[in-house]
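> make a model of this:
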Amino acid sequence: MKIRILVLTSIIVILTSCAEVLKVLESAGTVPLTEAEVINGLKEALTTGARNSAQRLSLENGYYGDALVKILLPDEAKVIVDNISRIPGGVQLVEDVILRINRAAEDAAKEAAPIFVNSITQMTIRDAFNILNGADNAATQYLRSTTYNDLYALYKPKIQASTEKDIVGNISTMDSWEALTGRWNTLANSAAGRLANLKPVNTDLNDYLTSKALSGMFLKVEAEELKIRKEVSARVTPLLKRVFGSLDNKTAN
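This next block holds a predicted model:
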């Protein structure tokens, strides 16, 4: 009986010591991350970044007021800007279109977050560790490479619905775009336009706008990822602190 009690006491002491050691190791950040922690931490980081980005871009002037993501006219329409004086009221038409295409992107961004979140399901254990130990934008690049086509297919109808929706004065973004390009193409196809070698503009606005809107979104997601990697204050959950804190320890060593 005494031997049994002694054995039980020893086991309790050992287990208690292990628990205390584990707590010390955890506080020091030296306990290896589990696979589940890494993949869940990366998913949480991507979800946080996507939600924050979509929320900011969905605000009024989220695109239009941010020089980094503001959507300008398509490259094909540069000829219009270069010859804007040829179109009556051309300057105002151009600015109206630029404002409206950005408003369309802001409107579509309101529904972007769930699309991103639903797409963050393909990540494997290997992907997660490669991202964790990769470049500062590794998670964003992974998200772009694995979800872009699906996001595009889901996002474009929202963009199209937005460009066709009346925003101000019963005029939609598409109405404004067609007014601009219609006047220009009339000029370009005229005898004077052909003599001046002017070219009509036939850009697919919804395709262009979807691509630009997604590029802006990924740019913001990348900025969010960098914050989580570099700024402790941006790690708003214990899991993010533990997973990305492991990178701090590697840097310090």
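
> what does stretch 197-217 contact?
Here stretch 197-217 makes contact (Cβ atoms under 8 Å, 6 or more residues apart in numbering) with 53-54, 57, 63, 68-69, 71, 74, 76-77, 79-80, 83, 101, 104-105, 108-109, 112, 116, 148, 151-152, 155-156, 159-160, 163, 173-174, 177, 181, 184-185, 187-189. For the C-beta atoms, the positions are set from N, CA and C on the backbone; glycine is no exception.

> in ChimeraX, how would I select just the buried ones from those?
Selection of buried members from the contacts of stretch 197-217 for ChimeraX, criterion 16 or more other Cβ atoms under 10 Å:
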select :53,54,57,63,69,71,74,77,79,80,83,101,104,105,108,109,112,116,148,151,155,156,159,160,163,173,174,177,181,184,185,187,188
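
> residue 158 and residue 150, how far apart?
Distance from residue 158 to residue 150, counting by Cβ to Cβ, to the nearest Å: 13 Å.

> neighbour count: these two, which is higher?
The neighbour comparison of residue 158 against residue 150 (other Cβ atoms under 10 Å) goes to residue 158, with 21 against 13.

> what's the nearest residue to the more buried one if we skip its chain neighbours?
Nearest residue to residue 158 in three dimensions, chain neighbours excluded: residue 108, at 4.4 Å (Cβ to Cβ, 6 or more residues apart in numbering).

> contacting residues for the one you found?
With contact taken as Cβ under 8 Å, 6+ apart, residue 108 is in contact with 155, 158, 159, 162, 213.

> just the element for the last one, please.
What that stands for is residue 213. Using DSSP states H and E, residue 213 maps to helix 205-230.

> and that helix, what's buried?
By neighbour count on 16+ other Cβ under 10 Å, the buried set for helix 205-230 is 205-206, 208-214, 216-229.

> now do the helices in this protein.
Counting by DSSP state H, the chain has helices at residues 2-28, 35-58, 78-82, 90-109, 112-119, 125-132, 138-163, 173-188, 191-195, 205-230, 238-252.

> which one of the ones you listed has the lowest average pLDDT?
Lowest mean pLDDT of the helices of the chain: helix 2-28, a mean of 40.
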